[in-house]
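1. Structure of the sequence below:
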Amino acid sequence: MVTATTSKGRGTMSKLYGKPVRRVKVSKQRQINIPKDFYDALRLTDEALIEFNGKEIIIRPAKYEVVDFSEDILKDLVRKGYTGEELISEFSRIKSEIPKAIDRMKEEAMQNPLIAESLGDFLDSLEDDNEDE
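-> Got it, this is the predicted structure:
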């Protein structure tokens, strides 16, 4: 359900699917200002993740997750019989390929999304499924 507003002024708020919506100005440099209450609610800092799903732009907090595969790589290489300088060389080679592999996985995920609708619609459908249980 959409509740619309008639004014284009700042501070005007409407609701889309029961969620707050604000109209913001887009500068000629393609910049927008995130309303303070949205900014605070998301606990944004100096960076955010931005996603375009074909219909909408979604802004999320940038959460840094450190994922270290070093131990797994070393265990696998030792299991394969690597030792000494050969172990170090192969470990360095594999470790240097991880960022490229992650980028390829991201590209594949974007080309074959698991959901076809907007994120909001998908999340709403999950809430509807939970209500049915």
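
2. So for stretch 109-125, what gets flagged as buried?
-> Neighbour counts over stretch 109-125 (16 or more other C-beta atoms under 10 Å) mark no residue as buried. In this view, the C-beta of every residue, glycine as well, is placed from N, C-alpha and C.

3. Quickly note the distance from the spatially most distant residue from the centre of the chain to residue 76.
-> Distance from the C-alpha centroid of the chain peaks at residue 84, with 39.8 Å (C-alpha atoms, centre = their mean). The span separating residue 84 from residue 76 equals 16 Å under the rule C-beta to C-beta, to the nearest Å.

4. what sits against the residue positioned nearest the centre of the chain?
-> Nearest to the geometric centre of the chain sits residue 49, at 5.6 Å (C-alpha atoms, centre = their mean). By C-beta atoms under 8 Å, 6 or more residues apart in numbering, the residues touching residue 49 are 59-62.
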